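K.L.:
need a structure here:
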Amino acid sequence: PLISIILSVYLIAETFFGLETATYLYEEVKNPKALPKILIFSTAVIFLLYFLFVFGTLGSVDWKTFSLQTVPVNFLAQLYYGKTAAVVLSVIIFIPLIGTAASWIISSPRLLYAMSKDRALPKKFSMVHKKYCTPSQAIIFQAFVSIIVTLVAFADFLTLLYLLVPLVLIIYSLALLAVVKLRISRPEIPRFRAPFAKVGPIVMILLNIVLVSLWTVQTGYVYIVMLGIILSLIGMPMYILIRLQTDKKFVEKFFDRISFFWNRFFVLWYGEKEWKKVVDKIEIKRCRKVLDFGCGSGFTTIEIAKRNVKCIVVAVDLSRKQLGRTMDKIKILKYPNTVLIKAPINFPKNSFDAIVAVGSLEYSDPKKTIPYLLGMLKRKGRFSFLMFGKSFFMPGFSNVEKLFPRNTVVHVKKEKKLFTEYIYVW
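P.N.:
The predicted structure is shown next:
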């Protein structure tokens, strides 16, 4: 029946997984423009070999008998040439598998290495071993993930297969969707020519959805599909956190998009009690000019402007929408002593009597940002930073004092609220 053929296509798709790993070595290839043609040609060759194998098999053995075999190739060799030939063929098949495993050690960590260089993963993954000239950290991490996945599946091939296929089809569909988006939103980017460049990926995405849906309904393995989806989603928060720490353009776009929700829900973690603690540390009454670095939607800015109307408050942020929300509040409350500036900034040294930063140092390299900010302070100027540490089981800052120059007097106080560690530094 048709449904059986479709389910067979679903499982056979695993045979073609991994062909794209050749592109992971793009930088090492002498003629990278030839890669698309190579991939298309190799896919056609694999298809032809499988077609000839199936064609020859069905002409020799009844399909019902053949479907009951756990090792079909071995069974076919034994049928034609005897037991000795079957053993020899098994060895011949096993040897290329060793090469396949070795190729994964080369290709998969190379993807982590490339993503790290593109600031989509931690810098450690782009570290190259001094002696062996390999991305050693990426290789170790890849091995760790492979072990975890194997243990999750209890080292059972069918379980691994049932977990792998829906997970890979979901990832492939997301990649295809990204191709369509990039071709529409970024037409100026150099790309490879391909037929049906926009329609083709959409068709394949719909086909993948049909395959996963039918397989789930027919087999009842809903929990495996859900496990695959969960594994995919687990990586999203980590990816966002890493990009927030490494890519300023991503930070800007991210906060532009979540500005509405940030303005309404950030107050749960940073309310009147917290912003008063931050402002109390800078002795606002004696200040004439204060920098609010990473002002967000203006909670701290408003508090400073309210406490000392003679003080000029310079509020800086990467996000235009966050600055817009700060401006709306200032207009309503009528604080003319506030200046809003979109980052990046380049103020001269000794510009401010005080500097505050709440939840913004996390989105930069604190070892560079903190000395930069302190350099803008006047002599005997004060700073007050609020940094968020461990949150929802995610790692945070440790040894905060070491982020500051040696001659800086630093006070640190830690508190906890709503599964989040607060680190007040002044």
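K.L.:
would you confirm that Gly296 contacts Val267?
P.N.:
No: here Gly296 does not reach Val267: they are 10.6 Å apart, not a contact under CB atoms under 8 Å. Yep, even glycine has a C-beta here, placed from its N, CA and C like the rest.
K.L.:
quick one: which of those two has more around it?
P.N.:
Gly296 (24 against 14; other CB atoms under 10 Å).
K.L.:
that one - that's part of a strand, no?
P.N.:
No: counting by DSSP: H, G, I helix; E, B strand; the rest coil, Gly296 is not part of a strand but coil.
K.L.:
got a list of what it touches?
P.N.:
Phe255, Trp262, Phe266, Asp317, Ser319, Gln322, Thr326, Val358, Gly359, Ser360 (CB atoms under 8 Å, 6 or more residues apart in numbering).
K.L.:
mind giving me the packing neighbours of the helix-or-strand element of the chain with minimal mean pLDDT?
P.N.:
The weakest-scoring helix or strand in the chain, judged by mean pLDDT, DSSP states H and E, is helix 2-12 (a mean of 71). Using 3 or more CB pairs under 8 Å, 6 or more residues apart in numbering; DSSP states H and E, the elements in contact with helix 2-12 are helix 157-185, helix 199-219.
K.L.:
Throw the ones you listed into TSV and include distance to Ala120, thanks.
P.N.:
Converted to TSV, the helices and strands packed on helix 2-12 look like this (distance: least, CB to CB, whole Å):
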stretch	distance to Ala120
helix 157-185	13
helix 199-219	21
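K.L.:
may I see the contacts of Gly296 arranged in CSV, with neighbour count and distance to Thr246 as well?
P.N.:
Formatted as CSV, those follow (neighbours: other CB atoms under 10 Å; distance: CB to CB, whole Å):
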residue, neighbour count, distance to Thr246
Phe255, 21, 15
Trp262, 18, 20
Phe266, 16, 22
Asp317, 27, 18
Ser319, 25, 17
Gln322, 25, 20
Thr326, 25, 25
Val358, 23, 21
Gly359, 17, 17
Ser360, 23, 15
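K.L.:
which of those residues fall in helices?
P.N.:
Phe255, Trp262, Gln322, Thr326 (DSSP state H).
K.L.:
how close does the second one sit to Leu97?
P.N.:
Trp262 is 51 Å from Leu97, where distance means CB to CB, to the nearest Å.
K.L.:
how about the first one?
P.N.:
As for Phe255, its distance to Leu97 is 48 Å (criterion: CB to CB).
K.L.:
picking up where we left off before, which of the ones in helices among the contacts of Gly296 scores worst on pLDDT?
P.N.:
Across the ones in helices among the contacts of Gly296, the smallest pLDDT goes to Trp262, namely 88.
K.L.:
ranges for the strands of this structure?
P.N.:
289-293, 312-317, 338-342, 352-358, 377-391, 412-417, 420-425 (DSSP state E).
K.L.:
ok, longest helix in the protein?
P.N.:
helix 83-117.
K.L.:
give the buried residues for that helix.
P.N.:
Using 16 or more other CB atoms under 10 Å as the test for burial, helix 83-117 gives Ala86, Leu89, Ser107, Ser108, Pro109, Arg110, Leu111, Leu112, Tyr113, Ala114, Met115, Ser116.
K.L.:
for Ser364, what are its contacts?
P.N.:
Per CB under 8 Å, 6+ apart, neighbours of Ser364: Gln245, Lys248.
K.L.:
centroid residue for the chain?
P.N.:
Tyr239 (2.5 Å; CA atoms, centre = their mean).
K.L.:
is it true that that one touches Pro122?
P.N.:
No: the pair Tyr239 / Pro122 is not scored as a contact, 11.0 Å apart, by CB under 8 Å.
K.L.:
okay, and the beta partners of Phe352?
P.N.:
Leu377 (DSSP bridges).
K.L.:
give me the pLDDT value at it.
P.N.:
So Phe352 comes in at 95 (pLDDT).
K.L.:
ok, now how distant is it from Leu373?
P.N.:
9 Å.
K.L.:
okay, these two: which has more neighbours?
P.N.:
More crowded of Phe352 and Leu373, by other CB under 10 Å: Phe352, with 25 against 22.
K.L.:
check contacts around the closest residue to Ile184 other than its chain neighbours.
P.N.:
Sequence neighbours aside, Lys198 is the residue nearest to Ile184 in space, at 7.3 Å (criterion: CB to CB, 6 or more residues apart in numbering). Contacts here follow CB under 8 Å, 6+ apart; on that basis Lys198 touches Val180, Arg183, Ile184.
K.L.:
could you redo the contacts of Gly296 as a markdown table and give each row distance to Thr65?
P.N.:
Listed next are the contacts of Gly296 as a markdown table, based on distance: CB to CB, whole Å:
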| residue | distance to Thr65 |
| --- | --- |
| Phe255 | 63 |
| Trp262 | 64 |
| Phe266 | 66 |
| Asp317 | 70 |
| Ser319 | 66 |
| Gln322 | 68 |
| Thr326 | 74 |
| Val358 | 71 |
| Gly359 | 67 |
| Ser360 | 68 |
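K.L.:
let me know the closest of those residues to Leu58.
P.N.:
Phe255 (59.3 Å; CB to CB).
K.L.:
got a list of what the closest one touches?
P.N.:
Trp262, Gly296, Asp317, Leu318, Ser319, Lys321, Gln322.
K.L.:
tell me the one of those residues nearest Tyr424?
P.N.:
Gly296 (17.1 Å).
K.L.:
not counting residues beside it along the chain, what's closest to Leu231?
P.N.:
In space, Leu231 is closest to Leu167, 6.2 Å off (CB to CB, 6+ apart).
K.L.:
from what I can see that neighbour touches Gly228, true?
P.N.:
Yes: with contact defined as CB under 8 Å, Leu167 counts as touching Gly228 (3.7 Å).
K.L.:
where does the chain have low pLDDT?
P.N.:
1-3, 152-157, 391-398 (pLDDT under 70).
K.L.:
Arg382 is nearest to which of the helices and strands packed on helix 2-12?
P.N.:
Closest among the helices and strands packed on helix 2-12, once you apply CB to CB, is helix 157-185, at 44.9 Å.
K.L.:
who are the packing partners of that closest one?
P.N.:
helix 2-12, helix 136-152, helix 199-219, helix 222-246.
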